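Enquirer: Pasted the sequence and its predicted model underneath.
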Amino acid sequence: MSPRVSAGRYSGEVEPKATYCREGEAGYNVFSDGTMGDTQSSQTISPDPRKIALQGTQNPRCNDEKGTADKLPVLVGESSLVRLKMLAERDTNLVFTSLAHRIDYPFLKESFRQLRKSKAAGVDKVTVKEYVKDLDENLYNLYQRLRRGQYVASPVKRIWIEKEDGKKRPIGILALEDKIVQKAVTTLLDMIYEPIFHDFTHGFRSGHSQHGAIAELRSKCLDLNINWILSADITGLFDNIDHNLLRETLRIRMNDGGIMRLIGKWLNAGVLEGKDLSYSDTGTPQGGVVSPVLSNIFLHYVLDDWYVKEILPRVKGKCFLIRFADDFILGFQLESDVKAVMGLLPKRFSNYKLELHPKKTRLIAFGKPPRNGKTRETFDFLGFTFHWGKSLKGDWVLKKKTSKKRRNRFMKMVWVWCKENRHEPMEEQHETLCSKLRGYYQYFGVRSNFKVLEVVFEFTERAWKHWLGRRHRDGYLSYEKFRRILKSFPLPRPRIVHNF
């Protein structure tokens, strides 16, 4: 094909071939010293991509210091998701079929920046510290493998940690590059699914938190005159989501082949425990960055949308639903409504191969007690116990306090930490204990919970005094000496952080 001649600035000259940047597309601009080659459907990112690809294939984690000819392209700008967000908000019924091309080099770099930089390494044994030494080179090679379809998901490394009841809980550790790609896909999924998620869903969403769910739960119980609470928990949600059903629910809103293949690779990557590699037809990637959003999408169609479209139009009284991840609370004004829903819930979840936890799912009569009556039953949600109590004026008010399980867990952790670190320098012990107490106040510092905060504070002082005394020969530290220590190293006092 002969070169094209244009008027204007290139009048009388052969116009150089280049990639044109169109407004609204996710991509980046490239500045090159020479002319660009013929472009394909994807954007040109280097004057000689074959050399860079060959270099990355031969040694993907090293830089060539012999010359500058094969350096990475100079990239300007970031991947723009504004148009994608606008389309998702404009039409909640729109099905997205072209998303994978948006995962480009700048998008991967931004995804790496947003990751939590854990020191633990996956099965590839590559740590963040090692990866950042040649960050641009490594991310570019990762992008090339994604673009060519050569990206392979690594198995999840499984370790076990002890729970407070003596049992053990599995934890999954992903390879670093898997985390980066999963973070990029999570960002895209959040963009297109956030407009269709309901406001009563608070788990793993930007702008939502546990405190928001707790405040909404309290206000709904009071405003809607709720008399019955159905507290439910799904048994092993992240381990029991059926892969085929998950794919079906994803295709309702997103049917991009590239993204679906990536999700399929993570679902089928397997779990490596020691030297044993196992595979499963259920469950989201254990410990994966993408797992929370996949579970939210699945439960949106299993529970949230079903509640809005099928339950709300049929109940006779007032009701509400609040969900955080796999924990949810249903509140009803009428007993007939709650019993009808209790008969439907198990069938609904069984249709999607899930089941409710038999011990953690229960029905509670939670109406406001008579003025001179006794308190009703209590229920736990997100670490708090909700109960009716008397105000200073003698009226019944809805209160909340730290659940016994969470309170005892924290005090046991403080006791064990003081024991294991009693020989550390006093400054380091003081700094860590202050950090632990501030974190506890930050979450549990809500109205009507001050007494529990005081109990935790006093226990922390006693535990610190006890194990500091064990450093001495006589195994005891007097109160006078400990008071002098507290003057130099005071622990933060309890305080109410959240006004709800």
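Expert: That came through, no problem.
Enquirer: Going by residue numbers, what spans are helices in the stretch 251-400 of the chain?
Expert: 257-267, 291-299, 305-306, 335-351 (DSSP state H, counting those that start in this stretch).
Enquirer: scratch that, the stretch 51-200 of the chain is what I was asking about
Expert: 82-90, 105-114, 128-131, 135-148, 176-193.
Enquirer: Show me which of these has the highest average neighbour count.
Expert: Mean neighbours per residue, mean count of other C-beta atoms under 10 Å, is largest over the helices of the stretch 51-200 of the chain for helix 176-193, with a mean of 23. (Glycine included, C-beta is placed from N, CA and C.)
Enquirer: Can you list the buried residues in the helix or strand just after it?
Expert: Counting by DSSP states H and E, the next helix or strand C-terminal to helix 176-193 is helix 210-223. Buried residues in helix 210-223, counted by 16 or more other C-beta atoms under 10 Å: Q210, H211, G212, A213, I214, A215, E216, L217, R218, K220, C221.
Enquirer: what packs against helix 210-223?
Expert: With contacts taken as 3 or more C-beta pairs under 8 Å, 6 or more residues apart in numbering; DSSP states H and E, helix 210-223 sits against strand 319-324, strand 327-332, strand 379-381, strand 384-390, strand 396-402.
Enquirer: Listing partners with orientation, what would you give for the last one?
Expert: Pointing back at strand 396-402 there. Strand 396-402 pairs in its sheet with strand 384-390 (antiparallel), by DSSP bridges.
Enquirer: so who does the residue nearest to E273 when sequence neighbours are not counted touch?
Expert: In space, E273 comes closest to R158 once its chain neighbours are excluded; the distance is 4.4 Å by C-beta to C-beta, 6 or more residues apart in numbering. R158 makes contact with P170, I171, G172, I173, V271, L272, E273, Q286, according to C-beta atoms under 8 Å, 6 or more residues apart in numbering.
Enquirer: Please flag which of the residues you listed sit within strands.
Expert: Among the contacts of R158, the ones falling in strands (DSSP state E) are P170, I171, G172, I173, V271, L272, E273.
Enquirer: Which of those sits closest to R470?
Expert: Relative to R470, the closest of the ones in strands among the contacts of R158 is I171; by C-beta to C-beta it sits at 31.7 Å.
Enquirer: bridging residues for that closest one?
Expert: Here I171, judged by DSSP bridges, has bridge partners I159.
Enquirer: Tally up the residues packed near it, please.
Expert: By the measure other C-beta atoms under 10 Å, the count of residues near I171 is 14.
Enquirer: ok, back up a step: may I see the buried residues of helix 210-223 organised as a markdown table, with pLDDT and distance to T92 added?
Expert: Formatted as a markdown table, those follow (pLDDT from 0 to 100; distance: C-beta to C-beta, whole Å):
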| residue | pLDDT | distance to T92 |
| --- | --- | --- |
| Q210 | 95 | 27 |
| H211 | 96 | 27 |
| G212 | 95 | 22 |
| A213 | 96 | 23 |
| I214 | 96 | 28 |
| A215 | 95 | 26 |
| E216 | 96 | 22 |
| L217 | 96 | 26 |
| R218 | 94 | 30 |
| K220 | 95 | 24 |
| C221 | 95 | 30 |
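Enquirer: Let's have those residues in JSON lines, adding distance to F238.
Expert: Formatted as JSON lines, these follow (distance: C-beta to C-beta, whole Å):
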{"residue": "Q210", "distance to F238": "18"}
{"residue": "H211", "distance to F238": "23"}
{"residue": "G212", "distance to F238": "22"}
{"residue": "A213", "distance to F238": "19"}
{"residue": "I214", "distance to F238": "23"}
{"residue": "A215", "distance to F238": "26"}
{"residue": "E216", "distance to F238": "24"}
{"residue": "L217", "distance to F238": "23"}
{"residue": "R218", "distance to F238": "28"}
{"residue": "K220", "distance to F238": "27"}
{"residue": "C221", "distance to F238": "29"}
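Enquirer: which one among these gets closest to K309?
Expert: Among the buried residues of helix 210-223, and counting by C-beta to C-beta, the member closest to K309 is K220, at 19.7 Å.
Enquirer: OK, contacts around the residue lying closest to that closest one once chain neighbours are set aside?
Expert: Take K220 and drop its neighbours on the chain: the residue closest to it by C-beta to C-beta, 6+ apart is F320, 4.4 Å away. For F320, the contacting residues are F200, K220, L224, I226, L330, G331, by C-beta under 8 Å, 6+ apart.
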